[in-house]
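[1] Kindly generate the corresponding structure for this input.
(2 chains)
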Amino acid sequence: AQTVTQSQPEMSVQEAETVTLSCTYDTSESNYYLFWYKQPPSRQMILVIRQEAYKQQNATENRFSVNFQKAAKSFSLKISDSQLGDTAMYFCAFYNTNAGKSTFGDGTTLTVKP
Amino acid sequence: EPEVTQTPSHQVTQMGQEVILRCVPISNHLYFYWYRQILGQKVEFLVSFYNNEISEKSEIFDDQFSVERPDGSNFTLKIRSTKLEDSAMYFCASKEGLAGVIRDTQYFGPGTRLTVL
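    Reported below is the predicted structural model:
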């Protein structure tokens, strides 16, 4: 079974600054995907960014990028130029392609301060 | 951009009553899922569904739960006799298919908040 650990329950950052959210996972699978989802107060789950395990190049999506370290089983999310609308809970998720399901971390609550 | 939709957004029910949560997955998607999130806790997998049958289910998904795709567009989760501990946000998700992270990405609906009194 996979486990996903987000060690930072809460974080805060000043508007326009950069913040990094950490995520580590444990698996014996070789083929998998990793995702970051954003959950604002409305509680909708919004896809932020995704990474294929077999790709060494880190995924980027506008102000969002990841630092994927496969050997260390680490998948951190960097948010550049933080905006007030980035305030949300962020979930790291491991997708097992064999089992066809996602395992989520506990989440990190990010607050962007003006 | 196509979205997964869910109805109702909030459902209040009495303990022991049956509830049906409805989802409309993205139209060309073939794989469907239900997850739940108890308030303050992590999102948990309940069940996956493909080709009109359950592919995988968690230990949470006991005999009180069932899923159905009654027509070509809806995907439902039924809880036969609700318990207080069923109170949670229920998320439907769908994905297009296999082979590649884009087709294999799960897209989530906005959720249905179920409150059992």
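
[2] Geometric centre of chain B: which residue is closest?
    B:Trp34 (2.8 Å; C-alpha atoms, centre = their mean).

[3] Tell me the strands beside the strand or helix carrying that one, with direction?
    According to DSSP states H and E, B:Trp34 maps onto strand B:31-37. Sheet pairing of strand B:31-37 (DSSP bridges) gives strand B:43-50 (antiparallel), strand B:88-95 (antiparallel).

[4] Relative to chain B, which residue of chain A is the closest?
    As assessed by C-beta to the nearest C-beta, chain B sits closest to A:Met45 within chain A, at 3.7 Å. Where you see a C-beta, it was placed from the backbone N, CA and C, and this is true even at glycine.

[5] So which residues on chain B come close to chain A?
    B:31, B:33, B:35, B:37, B:41-45, B:48, B:50, B:55-56, B:89, B:91, B:93, B:98, B:100-101, B:104-111, B:113 (C-beta under 8 Å from any C-beta of the partner chain).

[6] Make a PyMOL selection of the buried ones in those residues.
    Buried members of those, defined by 16 or more other C-beta atoms under 10 Å in any protein chain shown, are picked up in PyMOL with:
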select buried, chain B and resi 31+33+35+37+42+43+44+45+48+50+56+89+91+93+101+104+105+106+107+108+109+110+111+113
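
[7] ok, A:Ser65 touching A:Gln51?
    No: if you go by C-beta atoms under 8 Å, A:Ser65 and A:Gln51 don't touch, sitting 10.2 Å apart.

[8] which residues do those two both contact?
    Common neighbours of A:Ser65 and A:Gln51, counting by C-beta atoms under 8 Å, 6 or more residues apart in numbering or on different chains, are A:58-59.

[9] which of those two has more neighbours?
    Ranked by neighbour count (other C-beta atoms under 10 Å in any protein chain shown), A:Ser65 and A:Gln51 place A:Gln51 first, with 20 against 17.

[10] so the more buried one sits in a strand?
    Yes: counting by DSSP: H, G, I helix; E, B strand; the rest coil, A:Gln51 is located in a strand.

[11] list the contacts for it?
    Shown in contact with A:Gln51 (C-beta under 8 Å, 6+ apart): A:33-35, A:58-59, A:66, A:68, A:75, B:101.

[12] per-residue pLDDT, the residue lying closest to B:Val43 once chain neighbours are set aside?
    Using C-beta to C-beta, 6 or more residues apart in numbering or on different chains and skipping the chain neighbours, the partner closest in space to B:Val43 is A:Phe104 (4.2 Å). A:Phe104 is assigned 95 on the pLDDT scale.

[13] again with A:Lys101
    Reported pLDDT for A:Lys101: 87.

[14] isn't it right next to B:Ser48, touching?
    Yes: counting by C-beta under 8 Å, A:Lys101 touches B:Ser48, with 5.8 Å between them.
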